[in-house]
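Participant: pasting the structure only:
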């Protein structure tokens, strides 16, 4: 595969990471704690979509190779993830009189509960959407790009959701209130902003984007009860890289981490092709720069960037 092909795969994977990263950063900036159940919220959205798609089927048409029923299932997956997150916030998080560390620890327990319930209902085996796989787009194959219309649908859908969030944050009353709460929650409260309602909408939007990311992850790869959990550290890396609490930083961090993850095989090919290494060093580098270590390489690059910009790409006060 050519570098263009790796970049194309990276764009698809980055679209999924960006959706998960935005949701996590949004909740952190307003609810003020790192939600470790965020990855499993993605899984909830994916499985809710799977069940819905099994019920509605194709609905007689298709867009970008995906049946209309898939987009209905996508909306249901987003709604299910948002509903579960809001119920969890109202029933568990809100009544707790603990600090952000206590909420973080609680969210770890919530993640285990989510995962266990999904595994009880669906088992631990991998599964897929009942959608016919497509061949790569013929016009792109000569350039070494092997993406399908399904991959294009993921990128386009993610772009629509990200643009929609940008419009909401910048041009609506709710968005202005959310930005005010993220900057100074106490000042927002005394200014008359109904912070409880804003926090509710934050959970709806953040978890909804996570649910969409989970659905696309299931379409891109496959579904399993651990799918969101397995991606959680990558999402945290993207949020930290972008600047904790910065939604736009999370977008940039998610894009970079997703690209690095998918470009790892290309780096391995480059190491193998360059004749400048001693044999033992070449073998060592090839073993380290491999797809199995893709996430670890992303973390190493994250640390390197943070050494230069300690607050992340878009973090306040970054140098």
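Facilitator: Received it, and whenever you're ready, just let me know what you need. The shown structure was predicted, so the numbers you read here are calculated from the model rather than taken from an experiment.

Participant: what does the helix or strand containing residue 108 rub up against?
Facilitator: Assigned by DSSP states H and E, residue 108 belongs to helix 100-122. For helix 100-122, the surrounding residues in contact (CB atoms under 8 Å, 6 or more residues apart in numbering) are 31-41, 43-44, 47, 84, 88, 92-93, 96, 98, 225-226, 229. C-beta coordinates here come from the backbone N, C-alpha and C atoms, glycine included.

Participant: how far out from the middle of the chain is that helix?
Facilitator: Taking CA atoms, centre = their mean, to the nearest Å, one finds helix 100-122 lying 18 Å from the centre of the chain it belongs to.

Participant: same check, this time on stretch 108-123
Facilitator: Offset of stretch 108-123 from its chain centre (CA atoms, centre = their mean): 19 Å.

Participant: Check which residues of it are buried.
Facilitator: Within stretch 108-123, the residues that count as buried by 16 or more other CB atoms under 10 Å are 110, 111, 114, 115, 118, 122.

Participant: Kindly provide the distance from the fourth one to residue 76.
Facilitator: Translated: residue 115. From residue 115 across to residue 76, the span is 20 Å (CB to CB, to the nearest Å).

Participant: cool, the fifth one as well?
Facilitator: Taking CB to CB as the criterion, residue 118 is separated from residue 76 by 16 Å.

Participant: The second one now?
Facilitator: Residue 111 sits 22 Å away from residue 76 when distances are taken as CB to CB.

Participant: show me where the stretch 151-300 of the chain has helices.
Facilitator: Counting by DSSP state H, counting those that start in this stretch, the segments of the stretch 151-300 of the chain that form helices are 173-183, 185-190, 195-220, 227-242, 247-273, 279-288, 294-308.

Participant: any chance of the ones you listed in TSV, with mean neighbour count and mean pLDDT too?
Facilitator: Converted to TSV, the helices of the stretch 151-300 of the chain look like this (neighbours: other CB atoms under 10 Å; pLDDT from 0 to 100):
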stretch	mean neighbour count	mean pLDDT
helix 173-183	17	87
helix 185-190	13	81
helix 195-220	25	92
helix 227-242	24	88
helix 247-273	21	77
helix 279-288	13	54
helix 294-308	15	73
